[in-house]
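Novice: How does the following fold in three dimensions:
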Amino acid sequence: MFVFELRFECFADTTIDAAEKAINGLLEALRANGQILGREFAVAFNDGEFKVRLLLPEKTSLANRYNSPWVKMALTELTQAKLLAPREKFIGQDINSEVTNTDEPSWQLLYTSYVHMCSPLRNGDNLLPIPLYQLPATFNGDHKRIIKWQTEWQACDELQMAAATKAEFAALDEITRADSDLFRRGWDLRGRIEYLTRIPTYYYLYRVGGESLQTELNRPCPRCGSHEWKLEQPLSDMFHFRCKPCRIVSNISWDHQ
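Specialist: Next comes the predicted model:
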């Protein structure tokens, strides 16, 4: 992934409030389309121009061909705020990020964690993130629903990893149970992605706890009850279970690996 700086120059008198609203509106639209990554963006004002540094999946992530209707509208609103279209400056490759997938996947999955900033859609063959803007728009012209699901999943993951409050148990239910609200929304998004891309798309169901390694090896698919989902060899050294009819992958409980 790559770090870019965007610079917004004024072409006429404007106000900080108007510029802030227009710039933040564009950043929100780009994030909803997967063209920029992260949740918070520091916008600096100095010497009559605004600057913001962003993390992009690819060097071409801001190309016009990827713009959603929302991004296009946000760009016109810059003009109304008396700002020129942003100028891009390449800073460099981010050494703490994963490489973006460039291969055609034979299958893919929704997978994230609270430490990941990248796209939650992964190539099943190599587990590399697939930029969302490369997909047909899932809902209403962009991928906002997928980003929202990812944000909620990561919040639950962070709560259960901290293990410091009673909220841990409710959060754990959301990411481990096949009847949770979070699972239901994510599994439906998975189906929409599969329909649009024509590529088998799975949902990663997190697993922790359990009585023993033996019971883990024998546990059935939590959605259909099948015992046929245990794999002889784990996929990507991580997924020990895959139910093709249910489009679910999972792991042996982290407590027993």
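Novice: Give me the domain ranges for the chain.
Specialist: 2-93, 108-256 (automatic domain parsing).
Novice: Turn those domains into JSON lines, including mean pLDDT and distance to Thr100.
Specialist: C-beta: built from backbone N, CA, C; applies to glycine. Shown next, in JSON lines, are the domains of the chain (pLDDT from 0 to 100; distance: least, Cβ to Cβ, whole Å):
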{"stretch": "domain 2-93", "mean pLDDT": "94", "distance to Thr100": "5"}
{"stretch": "domain 108-256", "mean pLDDT": "93", "distance to Thr100": "6"}
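Novice: of all those, which lies closest to Val99?
Specialist: Val99 lies closest, by Cβ to Cβ, to one member of the domains of the chain: domain 108-256, at 6.0 Å.
Novice: Using the three-state scheme, assign His116.
Specialist: Secondary structure for His116, judged by DSSP: H, G, I helix; E, B strand; the rest coil, is coil.
Novice: Show residues contacting stretch 198-209.
Specialist: Outside stretch 198-209, the residues within contact range by Cβ atoms under 8 Å, 6 or more residues apart in numbering are 105-111, 121, 124, 157, 160, 172, 175-176, 178, 183, 186-187, 190-191, 193-194, 216, 222, 239, 242, 244, 247-255.
Novice: Inside helices: which ones of these?
Specialist: 157, 160, 172, 175-176, 183, 186-187, 190-191, 193-194, 216 (DSSP state H).
Novice: Pull out the buried residues from those.
Specialist: Taking 16 or more other Cβ atoms under 10 Å as the criterion, what is buried in the ones in helices among the contacts of stretch 198-209 is Asp157, Gln160, Leu172, Ile175, Thr176, Phe183, Gly186, Trp187, Arg190, Ile193, Glu194, Glu216.
Novice: of all these, which two lie farthest apart?
Specialist: Ile193 and Glu216 (28.6 Å).
Novice: contacting residues for Asp94?
Specialist: Met1, Phe2, Val3, Leu55.
Novice: Please disregard the earlier target; I meant Ala74.
Specialist: Ala22, Gly25, Leu26, Glu28, Ala29, Leu30.
Novice: Which one of those residues sits in the busiest neighbourhood?
Specialist: Counting neighbours by other Cβ atoms under 10 Å, Leu30 leads the contacts of Ala74 with 27 neighbours.
Novice: re the thing from before, can I get the domains of the chain in TSV including distance to Asn101?
Specialist: Listed next are the domains of the chain as TSV, based on distance: least, Cβ to Cβ, whole Å:
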stretch	distance to Asn101
domain 2-93	9
domain 108-256	4
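Novice: Skip the chain neighbours and tell me the closest residue to Phe50.
Specialist: Leaving out its chain neighbours, the residue that sits closest to Phe50 by Cβ to Cβ, 6 or more residues apart in numbering is Phe8, at 4.2 Å.
Novice: Using CSV, write out the CA atom coordinates for stretch 172-186.
Specialist: Output of stretch 172-186 as CSV, limited to C-alpha atoms (Å, rounded to 0.1, in the frame of the first residue of the first chain):
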residue,chain,number,x,y,z
LEU,A,172,-17.3,-12.4,21.1
ASP,A,173,-20.8,-13.7,20.3
GLU,A,174,-21.0,-11.3,17.3
ILE,A,175,-17.9,-12.6,15.6
THR,A,176,-18.1,-16.3,16.6
ARG,A,177,-21.8,-17.2,16.3
ALA,A,178,-23.5,-18.0,13.0
ASP,A,179,-26.8,-16.5,14.3
SER,A,180,-25.5,-13.1,15.3
ASP,A,181,-26.5,-9.8,13.7
LEU,A,182,-23.0,-9.1,12.5
PHE,A,183,-22.7,-12.6,10.9
ARG,A,184,-26.1,-12.2,9.2
ARG,A,185,-25.1,-8.8,7.7
GLY,A,186,-21.7,-9.9,6.6
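Novice: so how far is that stretch off the chain centroid?
Specialist: 17 Å (Cα atoms, centre = their mean, to the nearest Å).
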